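Participant: Okay, here's the prediction I keep looking at, along with the sequence it came from:
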Amino acid sequence: MKKLIYLLCFISTAAYGQNTFKARVIDADTKAPLFGATAQISPTKGAIADENGYLEIKGISTNTIELLVSYVGYERFVKTYTLPISDTVVIAMEHEHDDHDEVIVTSNRSSRTIDEIPTRIEVLASEELEEKSMMRSNNIAMLLRESTGILMQMTSASAANQSIRIQGLDGRHTQLLRDGFPVYSGFSSALSIMQIPPLDLKQVEVLKGSNSTLFGGGAIAGLVNLVSITPGDERKLKFMLDQTNASGTTANGFYAEKFKNFGLTLYGSVNRQQAYDANGDDFSDIPQIRSWTFNPSFFFYLNDKDLLRISFNLSSEERFGGDIPSIEDADNHTGHYTELNETDRISYQITYENKIDDRKTFTAKHSLNYFDRSVMSLGRGFDGQQWSTFTELSYRINSEASSWIAGMNVYSDSFKESNQVFGNPSRDYDYLTFGTFVQNTTTLSPAFTLESGFRADFDTNFGNFFLPRASLLAKINEKWTARLGGGLGYKLPTMFIEEAETIQYDGVMPIDVGNMEEERSIGGNLDFNYKTAIGDNWTFSLNQLFFYTQLTDAVVLRNNGSDIFNFENADGPINSKGIETNLKLTYNDFKLFANYALIDTELKFDNINQQKPLTPKHNIGLVLMYEEHGKWRVGLEAYYKSRQLRNNFTETDDFWIAGFMVMRKWKNFGLYVNFENFTDTRQHSMENFNINDHISPNFPDIWAPIDGYIMNGGIILEF
């Protein structure tokens, strides 16, 4: 009889799965449940903790399992268990023992960890921001320029203005956000990269390819979200003073503190740069700069569920470039060429967040941005003001296997030109766009997660837009994952494009709304990730990305032969395709990063079938870093750009740039020195950089550095 009972039990367990594993995941310190923690025993079998921290894995056919539990901001938990276990296992997760801020992705508004998000997101965290702030403490251009697949294109030789190019497409096709607010767009985008310092940023999130579902039109090439530091349990106070051998001085200060029902962050920056001539031709390669920035944010913790945040961004800058004697003696102007850029920015952002319960959150946002800029040079000038607003209501709900977010927003963009030349047509415009969106992220199985979204916009000038997108995450095994995604995008036409910026809008006619089409895109990307540990001291990771974007009805500027420029839609597409390869190898305190980007951006209009000018096809980056945490950081880096085409389709040289940085930190004090471009790679030495004369200069295309070797050093105080 006993044998029969044993036989029946064996048959029953074989038929229905031998074992079930139950656990509760909690914070090791507070004992609070960790809702959303993921547990896996194989690439295809796992579970997600509910709002009380409980999870259950059924149908386990083995008697021994290796359990992996992960949750953002916590150390990964790995342990082997022998089954069956009748009780519920309590798993206490330890916080990451790291002095750096937690990496919590905000761009896709998901509560999942970056490894669990189907959308490919690159996060430049606080460690990288700190490193790059030692190279250029007054702006984030250096940070973005050295990221794989991103090019910083200079649009003015005398004023050193730059724009972002992601995967070969112009800067206007990248949407730049500040804490999820589109405060840098249209007219205000021309100098934005050169006016955003990195010291008060927690992280920078980069989404490449069309990502318009949540934030609207403009993200054809990608999206860059600048995430500010928020007050934490400990006070943060930081000062930084930087000096360059090119007569540039920057002072930064940041303060953050959280009280019982109130929090505060304050950031202030002052930058003073003398006009700098790298090649001795009495013409500025770095303009004279006088600028300041002040960003306060106020956090009101109304109760356990309600948060009100009010932020302000205030900045003013003057850039004066061109003929060096004229800059140094502005009161007795010699009549030679100079370019003066004066900008003022005032904006505020208000966010109200109500956590209805552990699963539901309501968010309301509003921002107002005022931007005033004048560009004056010998014989011409341009002056205007931009007012833009953004208002959004959204609702997010999370469940054990999926999350939803839906909402609506209104975006306005109004530009008014000052000192309009009599007889010329008005270049003013007013755009008003209404949008609704919905996005869902669903865990189809432990191996597959799907993120899908849809957006519908209506613009009062250009009509309706319907934008679907989808991304799929596949966990192939413990070491391999893959992501596949794609979607549609659009961009409303304005006159603020790189070609118009280069000629300072002189002779540029307004956009003819009745005869212009919006720019549209379709694109996709596929990437593979591999991570492994080699023994106890080595780790290796690989990310391989393939991308493709087709842009139609691109806005182009035409010269009719009489110094009058008109906007038209191109009669053919721009196709941007390529690959990005990122390798990371670590050994104890040493890290080696290597990247390669193939950016094949072809113009297929006006009977042209050529690589896009000023877009190097092959790009290589190498970084070797030694870091003794809390003490030393030493880095050596080198970057390669292949030959590229000028605007007249002649070919440039290729070149390498190398840099070296050393930092020593103590408890509250740090010293650093940085040797940027110590090989002194300059366009001046690779071609005849002849501007002809200093009265009517003829600027060549800028395709390589013109400021040359720059050394800077400074001190950091932290309390």
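Facilitator: Arrived safely, thanks for sending. Residues are numbered from 1 along each chain as shown.

Participant: Now do the helices in this protein.
Facilitator: Counting by DSSP state H, the chain has these helices, from start to end: 2-16, 126-133, 141-145, 324-328, 498-502.

Participant: Distance of the nearest residue to residue 85 once chain neighbours are set aside relative to residue 90?
Facilitator: Closest residue in space to residue 85, ignoring its immediate chain neighbours: residue 21 at 6.8 Å, by Cβ to Cβ, 6 or more residues apart in numbering. Where you see a C-beta, it was placed from the backbone N, CA and C, and this is true even at glycine. Computed as Cβ to Cβ, to the nearest Å, the residue 21 to residue 90 distance reads 13 Å.

Participant: Mind checking which of these two has more residues around it?
Facilitator: residue 21 (21 against 11; other Cβ atoms under 10 Å).

Participant: so what's the more buried one up against?
Facilitator: 41, 56, 57, 60, 65, 67, 81, 83, 85, 89 (Cβ atoms under 8 Å, 6 or more residues apart in numbering).

Participant: does the nearest residue to the last one once chain neighbours are set aside have beta-bridge partners, and which?
Facilitator: It stands for residue 89. Leaving aside its sequence neighbours, residue 89 sits nearest to residue 23 (Cβ to Cβ, 6+ apart; 4.4 Å). Beta bridges link residue 23 to residue 55, residue 89, judged by DSSP bridges.

Participant: what's around residue 87, how many residues?
Facilitator: 7.

Participant: which residues in the stretch 501-650 of the chain form strands?
Facilitator: 519-534, 538-552, 555-559, 565-569, 574-587, 590-603, 610-611, 618-628, 632-641 (DSSP state E, counting those that start in this stretch).

Participant: Show me what the first one is packed up against.
Facilitator: Yep, that's strand 519-534 we're talking about. Applying 3 or more Cβ pairs under 8 Å, 6 or more residues apart in numbering; DSSP states H and E, one finds that strand 519-534 contacts strand 480-491, strand 538-552.

Participant: In TSV, list those along with distance to residue 592 and mean pLDDT.
Facilitator: Formatted as TSV, the helices and strands packed on strand 519-534 follow (distance: least, Cβ to Cβ, whole Å; pLDDT from 0 to 100):
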stretch	distance to residue 592	mean pLDDT
strand 480-491	21	94
strand 538-552	10	94
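
Participant: Out of those strands, the one nearest residue 612 is which?
Facilitator: The closest of these to residue 612 is strand 538-552. By Cβ to Cβ, the value is 10.6 Å.

Participant: most centrally placed residue in this structure?
Facilitator: Centroid-nearest residue in the chain, with Cα atoms, centre = their mean: residue 224, separated by 2.8 Å.

Participant: Now do the closest residue to residue 235 other than its chain neighbours, the pLDDT please.
Facilitator: Closest residue to residue 235 in three dimensions, ignoring its sequence neighbours and counting by Cβ to Cβ, 6+ apart: residue 257, at 4.4 Å. Here the pLDDT value assigned to residue 257 is 95.

Participant: Hmm, the residue nearest to the centre of the chain is touching residue 177, no?
Facilitator: Yes. Residue 224 lies in contact with residue 177 (Cβ atoms under 8 Å); the separation is 6.9 Å.

Participant: Break the protein down into its structural domains.
Facilitator: Under the assignment automatic domain parsing, the domains of the chain span 2-93, 227-718.

Participant: if we can go back for a sec, and the residue nearest to residue 235, how many neighbours?
Facilitator: Neighbour count of residue 257, defined by other Cβ under 10 Å: 16.
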